[in-house]
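> coordinates only, no sequence provided:
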């Protein structure tokens, strides 16, 4: 999904550049749509980056820990990610629910119901939380859950 979002954002950007510079008639909508696509891209890609260990990590002190302490540190880290995903998910859910029930629309050149570009935040936080739970299970059982 993230790769598809990258391709879509790239496509919208290329369309905007073509219309602006080749046709001298700038379009107004690509900037808004590209911004929403990037939010979706980030929120859907965050869990995959975390799962693969491709995220930014501060491991200066972690590398100096004794081997017997490293599982405790990893458990603490995964619990922190789980807590963050719960807070982010609840906050995003409240924002989406409010926007949907209030009937708010986005500002800018393209007006759509504002819950639509906010929805990937809920999905991304759920995926991040599930990934953290899987990593916690992996610590306790020594293997990846099926």
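Looks like it came in fine. All values derive from a computational prediction rather than experimental measurement. Residues are numbered from 1 along each chain as shown.
> quick check, central residue of the chain?
For the chain, residue 43 is the residue whose C-alpha lies nearest the centre (Cα atoms, centre = their mean; 1.3 Å).
> phi, psi of that one?
Here the main-chain torsion angles of residue 43 (degrees, to the nearest 10) amount to phi -70, psi -30.
> ignoring the adjacent residues along the chain, who's closest to it?
Nearest non-adjacent residue to residue 43, counting by Cβ to Cβ, 6 or more residues apart in numbering: residue 124, 2.8 Å away. For glycine as for every other residue, the C-beta is placed from the backbone atoms N, C-alpha and C.
> same thing with residue 82?
Once its chain neighbours are removed from consideration, residue 82 has its nearest residue in residue 132; the separation is 3.9 Å (Cβ to Cβ, 6+ apart).
> touching, the one you found and residue 77? I think so.
No - here residue 132 does not reach residue 77: they are 9.1 Å apart, not a contact under Cβ atoms under 8 Å.
> where does residue 99 land on pLDDT?
pLDDT, the model's per-residue confidence, is 93 for residue 99.
> can you pull the contacts of it?
For residue 99, the contacting residues are 113, 114, 115, 118, by Cβ atoms under 8 Å, 6 or more residues apart in numbering.
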